[in-house]
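Asker: Structure of the sequence below:
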Amino acid sequence: MSTPTLAVLVPLLPFLGAVAGLLFGRSAPGFVRPLAVLPTLAAAVLAVLVAFRQGGGKAIETATELTPTGSVPIELSLYLDGFAVLVAVLVGVVATCVQLYSTAYLREDPRYPSYAALVSLFTSAMLLVVYSGDLMVLLVGWEVMGICSYFLVGHYWETEAARSASLKAFLVTKLGDVPFLIGLFALAADADSFQITKILGTVAAGGLDHPTLIALLLLAGVAGKSAQFPLHTWLPDAMAGPTPVSALIHAATMVAAGVYFVARLLPVFAASRAALVVMAVMAAVTMVGSALAALAQDDIKRVLAYSTIGQLGYMTGALAVGDRSAAVFHLLSHGAFKALLFLGAGVIIHAAGTNSLAAMSRMDGLARRIPDAFWTMTIALLALAAIPPFAGFFSKEAVLVAAEHTATGHSEFAPSTAGWVVLVAGVLTALLTAAYATRLWLMAFRGRGAAAPDHGKEPVAMTGVLWLLAIPSVGFGLTVGPLADWFDGKELTPTVTTSVLGTGAAVIGALLTYALWQRAVAKDGAAAGVPVSVAAAESAAETPEVAEVTHDHPAVPAGTAPDPGKALLGPLHRHAADGFHLDAVYDRLFVRPVRGAASLVRFLDREVVETYVRGAGIGPRLLGSLVRRAQTGNVQSYLSALLAGAVVLAIATAVLANVNAGS
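Answerer: Here you go, the predicted model:
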């Protein structure tokens, strides 16, 4: 079977699984889990086979005209380069892990059949985006992911939070999709094609008439889909959905689509140096702002959500300095350890027995109760903090190296301004990332909140997936050498300068957070009447095997457990916890004016337009009432009226005759 044929099957199999799940899920419940897992697993295996066949060599292209349009043609085409085949492997592996994990996590959920089908459809849509060689076909997958996220985030539609979050995610991403669609049409008009290879050929020949305008329009859609400032506010609220959905959205689909789109069409953005500077500033603000917000969150999933926004900022920053290899490398690395973090958070929530206990300040004794989640999330947090030799170190260093290369004027692709902006923001974000990763680990696994009931050992389908994802979280960074051909032949190796800057910043952030946490624990222990040495000893319990945390002193009330984030942020904590009030700003700048305009339109419609409408009906109704009163049914009255009318007519005729005679 040819490679293009195999590539067609990769998105097709999850799509068929989704259709079968929606049609037969409720009538044949025994087939729900096989229909959820097997097509996605088969797609992942085929994606790996396609990647090996492509081999990082020349891109494989094939196209057929989908429908005649009379102008710019729309083609059903495939474009399989090194980036596409690697991202497809990531999507297939993470989606398979999510489906396996969900069989246990949602085993008692009555809406599991529709959930599983939507996850399969979500996966198929992202694979279509990855493999598509035509922008209109890519747009189909782009929009299908939007509607799938709406339904999946709103899975628990009985709750107000889920309903609001799903609507917000849909509207904010659609807000970005409007200029995105305009940009696609403008790009196709300049290139006279929607096919990506022809568009890139037009860019290389200098054929774009409005490169800056097109790049900025497309960037608006990317900001919405990939949750970049200022259209990032939907992603933290999307945590109202099931945790496996969060893992899928944050690691391999939806938010990854925007970054992948820019990587695929990077020459279009590079045709405008102004657009690259805008992208760099957007990435810098996103990185630093989201990291500060993550330090102030109490809900573990919101911490990870802001973390995703920041890591996407790193990818966008790499693209802003013209290095798509570094961007896609970090996309792949991040996909592994972020999926692990979210699924690990799901194990924590599952162990607590309810979503309401996702607050880290209420967690207690989890390291010894869920050792699989403890060890695997520790690995993932080390990767997130970019500590060597974990995967995140190599991929984040690749971004910093690219930024340094541009900042020092060694890149003809991007302005040095973009390089400095990304480099400074990247190093600062490395410090903040290590700080909130350390804070999450301390509060979740060594916290001193109120202990939750023990619900027993977690299912193997959940813990096994964690260990599977821990493998690339540890070792993927070491494979960048053998995979160089898939990354345009570029060796993504760290340099001494960026390694010292990035790792040094991460170590400072981690140590500072740990020191502040230790001080807070000692202070709380002393306040509870426990000797400081005892409190310190309790806080020093490293692992469930080394020491078991005991509480001879009263438990810290829920919500008052030590939080180093408050000490780190100081007066900024309150603002960071609320996402720097961006939702309130948008409410005042956009929501309230729109509601005011809607109220004015409603008033005009009700009091002005409807007045004329009502008047048009009242006139004939009054006339009808007068005529109805004359219809008495009395023949004598009719004859009297007839005689009176005849007399009036006779008098009027005589008068007119005299007037005419006199004239």
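Asker: All the helices of the stretch 201-350 of the chain, in order from the start?
Answerer: In the stretch 201-350 of the chain, the helices defined using DSSP state H, counting those that start in this stretch lie at 211-225, 234-237, 243-251, 255-264, 266-270, 273-295, 300-320, 324-352.
Asker: swap that for the stretch 401-550 of the chain, please
Answerer: Assignment of helices within the stretch 401-550 of the chain using DSSP H, counting those that start in this stretch yields the ranges 416-445, 460-475, 496-527, 532-539.
Asker: which one of these is the most hemmed in?
Answerer: helix 416-445 (a mean of 25; mean count of other C-beta atoms under 10 Å). (C-beta placed from N, C-alpha, C; glycine too.)
Asker: orientation of that one relative to helix 496-527 in degrees?
Answerer: Between helix 416-445 and helix 496-527, the angle comes out at 30 degrees (axes from the mean of the first three to the mean of the last three C-alpha atoms, to 10 degrees).
Asker: For helix 416-445, what is the distance to the chain centroid?
Answerer: The chain centroid and the centroid of helix 416-445 are separated by 20 Å, computed with C-alpha atoms, centre = their mean, to the nearest Å.
Asker: before we move on, what about stretch 112-123?
Answerer: Centroid separation between stretch 112-123 and its chain, computed with C-alpha atoms, centre = their mean, is 17 Å.
Asker: One more: stretch 485-499?
Answerer: For stretch 485-499, the distance to the chain centre is 28 Å (C-alpha atoms, centre = their mean).
Asker: Now tell me what touches it from outside.
Answerer: For stretch 485-499, the surrounding residues in contact (C-beta atoms under 8 Å, 6 or more residues apart in numbering) are 51, 55-57, 82-83, 85-86, 324-326, 328-329, 388, 393-395, 397-398, 400-401, 404, 480-481, 484.
Asker: which among the residues you listed end up buried?
Answerer: Listed as buried from these are 51, 56, 82-83, 85-86, 324-326, 328-329, 393-395, 397-398, 400-401, 404, 480, 484; burial here means 16 or more other C-beta atoms under 10 Å.
Asker: between the helices of the stretch 401-550 of the chain, which gets nearest to Ile300?
Answerer: Between Ile300 and the helices of the stretch 401-550 of the chain, the shortest separation by C-beta to C-beta is 6.2 Å, and it involves helix 416-445.
Asker: Return the list of helices and strands in contact with that closest one.
Answerer: On a contact count with 3 or more C-beta pairs under 8 Å, 6 or more residues apart in numbering; DSSP states H and E, helix 416-445 meets helix 273-295, helix 300-320, helix 366-369, helix 371-384, helix 391-407, helix 496-527, helix 564-569.
Asker: which residues in the stretch 1-150 of the chain form strands?
Answerer: Under the criterion DSSP state E, counting those that start in this stretch, the stretch 1-150 of the chain contains strands at 60-67, 74-80.
Asker: Hmm, I typed the wrong one, I wanted the stretch 551-663 of the chain.
Answerer: Along the stretch 551-663 of the chain, no segments are classed as strands by DSSP E, counting those that start in this stretch.
Asker: Pull the number of nearby residues for Ala189.
Answerer: By other C-beta atoms under 10 Å, the residues close to Ala189 number 14.
Asker: Rounded mean pLDDT for the helix or strand it falls within, please.
Answerer: Per DSSP states H and E, Ala189 falls inside helix 160-191. Rounded to a whole number, the mean pLDDT of helix 160-191 is 94.
Asker: Asp109: neighbour count?
Answerer: Asp109: 15 neighbours (other C-beta under 10 Å).
Asker: Looking at the closest residue to it other than its chain neighbours now. What's its pLDDT?
Answerer: Excluding the flanking residues, the one nearest Asp109 by C-beta to C-beta, 6 or more residues apart in numbering is Tyr115, at 6.8 Å. Here the pLDDT value assigned to Tyr115 is 95.
Asker: Tyr156 is in contact with Tyr115, correct?
Answerer: No - if you go by C-beta atoms under 8 Å, Tyr115 and Tyr156 don't touch, sitting 10.5 Å apart.
Asker: and the gap between Gly183 and Leu217?
Answerer: Distance of Gly183 to Leu217, given as C-beta to C-beta, to the nearest Å: 3 Å.
Asker: which regions of the stretch 251-400 of the chain lie under the pLDDT threshold?
Answerer: Scanning the stretch 251-400 of the chain with the threshold set as pLDDT under 70 gives 352-357, 365.
Asker: Show me what the helix holding Ala189 packs onto, helices and strands only.
Answerer: Judged by 3+ C-beta pairs under 8 Å, 6+ apart, helix 160-191 is in contact with helix 135-153, helix 196-204, helix 211-225, helix 234-237.
Asker: what's the weakest-modelled helix or strand in this structure?
Answerer: helix 532-539 (a mean of 39; mean pLDDT, DSSP states H and E).
Asker: before we move on, back to that, who touches the residue nearest to Asp109 in this structure?
Answerer: Ser102, Leu106, Asp109, Leu152, His155, Pro242.
Asker: what about 7 Å?
Answerer: Leu106, Asp109, His155 (C-beta atoms under 7 Å, 6 or more residues apart in numbering).
Asker: closest one to Asp190 among the helices of the stretch 401-550 of the chain?
Answerer: Here helix 416-445 is closest among these (C-beta to C-beta), at 23.9 Å.
Asker: what's the average pLDDT for that closest one?
Answerer: 95.
Asker: how near is the spatially most central residue of the chain to Gly346?
Answerer: Among the residues of the chain, the one closest to the centroid is Val255, at 4.2 Å (C-alpha atoms, centre = their mean). Distance of Val255 to Gly346, given as C-beta to C-beta: 18 Å.
Asker: What is the neighbour count of Phe580?
Answerer: 16.
Asker: Please work out which of the helices and strands packed on helix 160-191 is packed deepest.
Answerer: Ranked by mean neighbour count, the helices and strands packed on helix 160-191 are led by helix 234-237 with a mean of 25 (mean count of other C-beta under 10 Å).
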